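>>> just a sequence and a predicted model for now, questions to come.
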Amino acid sequence: MLKLVVLISGGGSNLRSLLEASEDAEFPARVVAIGADRDADGLAHAEEFGIPSFAVVYSNYPDRESWGQALLEQVQRWEPDLVILSGLMRLLPRSVVDALSPNLINTHPAYLPEFPGAHGVRDAIAAGVAESGASVIVVDNGIDSGPIISQRRVPVFPHDTEGTLHDRIKVVERELLVQAVLDIANGKINLKELVA
């Protein structure tokens, strides 16, 4: 059974999909803890599903490095097999990435390497592209530049807003994330080979 720690900043819709998938006794992974960098709405999922949670609030630390070390200590308490950044809107310090890699994955609302960064959906709309997408990647020390685990295209319609496109991308992100966790747990995806 793969032990997961999921880190969020917002509502945690991808997290909820994982929690729902793991309610199936056959699903080979379980979320053992949920963490956040602020008082995130998505922490309510932890309470609903009876999962321990923690918040390492960024503003309580003098710099990114000290925040990262505190976050890493919390994560490592749970001895996870895989750490998932699920809408964590903060760059992890290099020391944290190095400590968790390659068992550290992230979802991104674009078809990487297109539109990396915090505004992938907005950037796709601004570029006027006919399609964008969703990706699941191994986290490295760049901006959404790690090895791609899986991705799928999502069409951009002429009247799309950032909100309507993001809503459709989120559906695909959730599917990709659950499948990626399943494939990692079943050995179909070897994260060490991806980063080699």
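The structure has been received and is ready for your questions. Numbers count the residues shown, from 1 in each chain.
>>> give me phi/psi at residue 50?
Dihedral pair for residue 50: phi 70, psi 40, per degrees, to the nearest 10.
>>> doesn't residue 4 lie inside a strand?
Yes. Under DSSP: H, G, I helix; E, B strand; the rest coil, residue 4 falls within a strand.
>>> for it, which non-adjacent residue is closest in space?
In space, and not counting its chain neighbours, residue 4 is closest to residue 31: 4.8 Å by C-beta to C-beta, 6 or more residues apart in numbering. Every residue, glycine included, has its C-beta placed from N, CA and C.
>>> any idea which helix or strand carries the one you found?
strand 29-36 (DSSP states H and E).
>>> keeping just the C-alphas, turn the helix ranked longest in the chain into CSV.
Looking across the chain with DSSP state H, the single longest helix is helix 162-185. Provided in CSV are the C-alpha atoms of helix 162-185 (Å, rounded to 0.1, in the frame of the first residue of the first chain):
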residue,chain,number,x,y,z
GLU,A,162,-9.9,31.5,-17.6
GLY,A,163,-12.5,30.0,-15.2
THR,A,164,-14.4,27.9,-17.8
LEU,A,165,-11.2,26.5,-19.2
HIS,A,166,-9.7,25.8,-15.8
ASP,A,167,-12.9,23.9,-14.8
ARG,A,168,-12.5,21.6,-17.7
ILE,A,169,-8.8,21.2,-17.2
LYS,A,170,-9.3,20.3,-13.5
VAL,A,171,-11.5,17.3,-14.5
VAL,A,172,-8.6,16.0,-16.6
GLU,A,173,-6.0,16.8,-13.9
ARG,A,174,-8.0,14.7,-11.4
GLU,A,175,-8.2,11.8,-13.7
LEU,A,176,-4.5,11.9,-14.6
LEU,A,177,-3.5,12.2,-10.9
VAL,A,178,-5.5,9.2,-9.7
GLN,A,179,-4.2,7.1,-12.7
ALA,A,180,-0.6,8.2,-12.0
VAL,A,181,-0.9,7.2,-8.4
LEU,A,182,-2.4,3.9,-9.4
ASP,A,183,0.4,3.3,-12.0
ILE,A,184,3.1,4.2,-9.5
ALA,A,185,1.6,2.0,-6.8
